[in-house]
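# Test case, fold it:
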Amino acid sequence: MRYAKVLFVIPRSDADWRGIRPSLGLGYLSEALSDWGIQYDVLDMNLGHGFRSLVKKIDGFHPDLIGVPLISLQYLSFYRLLTQIKNIYPKIDLVVGGPHVTILKESVLNDCAAIDYGVTFEGELPLVELCKGEKKLNEIKSLLYRRSEDHSIFYSGDGEPISNLDRLSFPKYEKYELKRYVPEVTIYSSRGCPHECIFCPNRILSPCFRVRSPAHVIDEMSYWYKMGYRQFNFDDDNFNYIRERVYRICDEIEKKEMVDLILRCSNGIRADRVDREMLKRMKEVGFHYIAFGVDAGNNRMLEIVKKGETIEQIELAVKTACELGYDVKLLFVIGTPYETKEDVKDKVRLSQKYPVNDVHFYNTIPYPGTELFDWVKEKNYFLIKPEVYLNDISCCESAPVFETPELPADERVSLHNYLQRVRREINRKAFIRKFKRFGVLSHFLSHFFVSDFMRRQFYQNLFIRKIIEKLRYRGFSAS
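Residues are numbered from 1 along each chain as shown. Got it, this is the predicted structure:
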């Protein structure tokens, strides 16, 4: 065996969502190693662990390989951490994976000399093959490595997507500090996306759409249900893509007699793939929260971003979900090609037309490999170099990384500030609806709960997050 003990290290990040839940991707990698008898351990530095804690973990576990997942946001700080590790432990090899490596490939190893290996796309198979040592490095697909003879970087080529997802063991997080996360289990019931949205990097990361069988999904839910968990979030890009599968999952939940569930689809399901019957059936087994990836506010812009839906389909889905009592969130991107201020106003009109609970207006980030990135580069519209904005700016920030003749930079910033006010007002009205039993007090409390302070606490303070989740779903509905 080439590597018998692997330590996964999740670097500290300032991104709001980090440290709230265990890494689902590392959860799958952990199970893949465990299935082959390869020992692993985990340290999530977002849980308050500093570099001293990392050194203590390394000295206690004695790994021969350390794995680090990379996202683009703050990637330079991740490089610094990897360099620190290599300086202290030069004999321990370092492997990185995740979207940043998948998109940028060789340049990641070129930019950070501390990295020995990079794994692209789905990491379960190449990481196991790397550790087992039965194949030569150049025979392992989706692997980047440094040649021993001249230290040049070699890429073995893209591996095939895993066709049968049921062969993968679902994450059990046995080495994770589970009690320090939100008590909600994130589930991927499918992988990949068959759609062609010009701004979305997910098509690059996993273009081939595949699903887990309903039985396999329910096995995972049953495992956590027996452990006392009742809240689950289906984080797929396309949970409802296959209608029959949604119904079978709902039927299996009933057969297993799992009750009092709080089920969410927070990542944005397809509006053109739902109807009243499906939404009603989902509600019967515990679905309460649904996000729609709307992205645009009229048919002209939907066609430009290649959404593959019409505004009529989107409005019907949103209207129906609201009528059935779902907590509905709408997701939009701002500043896509040829979008005007009037187009943005159409997004606002749509978000205010129905009693939705939340709306996100995201700053559009051109990720390398997307059609949007190529378009911005061709037009020379960049305001900030990609190597800079990928590290510094997230989709939740106001700073535009490119501008268009229709929406210059200063206009984009003004729009962002306006749209954040729109979001707060939508949140405030949703709070009043949900807590209307408290009368005038609900109006007073609504201003506090939708403040920037409370929004930060929701994402960064686990104690506050648990209280809000309990208020949101457990016995405090407006019914």
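# for residue 253, helix, strand, or coil?
Using DSSP: H, G, I helix; E, B strand; the rest coil, the structure places residue 253 in helix.
# I figured it hits residue 261, correct?
Yes - Residue 253 lies in contact with residue 261 (C-beta atoms under 8 Å); the separation is 7.1 Å. For glycine as for every other residue, the C-beta is placed from the backbone atoms N, C-alpha and C.
# Mutual contacts of the two, please.
Common contact partners of residue 253 and residue 261 (C-beta atoms under 8 Å, 6 or more residues apart in numbering): 285, 286.
# who's more crowded, these two?
A count of neighbours by other C-beta atoms under 10 Å puts residue 253 above the other of residue 253 and residue 261, at 25 against 16.
# quick one: that one from residue 234, how far?
12 Å (C-beta to C-beta, to the nearest Å).
# ditto for residue 194
18 Å.
# Between those two, which has more neighbouring residues?
residue 234 (23 against 12).
# ok, that one touching residue 211?
No - at 11.8 Å, residue 234 does not count as touching residue 211 under the criterion of C-beta under 8 Å.
# what's the overlap in contacts for these two?
With C-beta under 8 Å, 6+ apart as the test, residue 234 and residue 211 both reach residue 189.
# got a list of what residue 144 touches?
Taking C-beta under 8 Å, 6+ apart as the test, what residue 144 contacts is 101, 105-106, 108-109, 117-120, 153-156.
# Let me know the helix or strand that it is in.
Using DSSP states H and E, residue 144 sits in strand 143-146.
# What is the distance between that strand and the centre of its chain?
Distance of strand 143-146 from the chain centroid (C-alpha atoms, centre = their mean, to the nearest Å) equals 26 Å.
# mind listing what that strand pairs with, with the direction of each?
The strands beside strand 143-146 in its sheet (DSSP bridges) come out as strand 117-119 (antiparallel), strand 153-155 (antiparallel).
# any idea which helix or strand comes after the last one?
Spelled out, it's strand 153-155. As assigned by DSSP H and E, the chain's next helix or strand after strand 153-155 is strand 185-187.
# for the record, mean pLDDT for the following helix or strand past that next one?
Using DSSP H and E, the helix or strand that follows strand 185-187 in sequence is strand 190-191. The average pLDDT for strand 190-191 rounds to 96.
# And the helices in the stretch 251-400 of the chain, which stretches?
Assigned by DSSP state H, counting those that start in this stretch, the stretch 251-400 of the chain shows helices spanning 276-284, 299-304, 311-323, 341-353, 371-379, 386-392.
# any idea of the angle the third one forms with helix 341-353?
Read that as helix 311-323. Using axes from the mean of the first three to the mean of the last three C-alpha atoms, to 10 degrees, the direction of helix 311-323 lies 30 degrees away from that of helix 341-353.
# For helix 311-323, what is the distance to the chain centroid?
24 Å.
# buried sites along it?
Judged by neighbour count using 16 or more other C-beta atoms under 10 Å, the buried positions of helix 311-323 are 311, 313, 314, 316, 317, 318, 320, 321, 322.
# Quick check: closest non-adjacent residue to the fifth one.
For residue 317, the nearest residue in space outside its immediate sequence neighbours is residue 271; the separation is 3.7 Å by C-beta to C-beta, 6 or more residues apart in numbering.
# Read off the pLDDT value for the one you found.
In this model, residue 271 is scored at 97, pLDDT.
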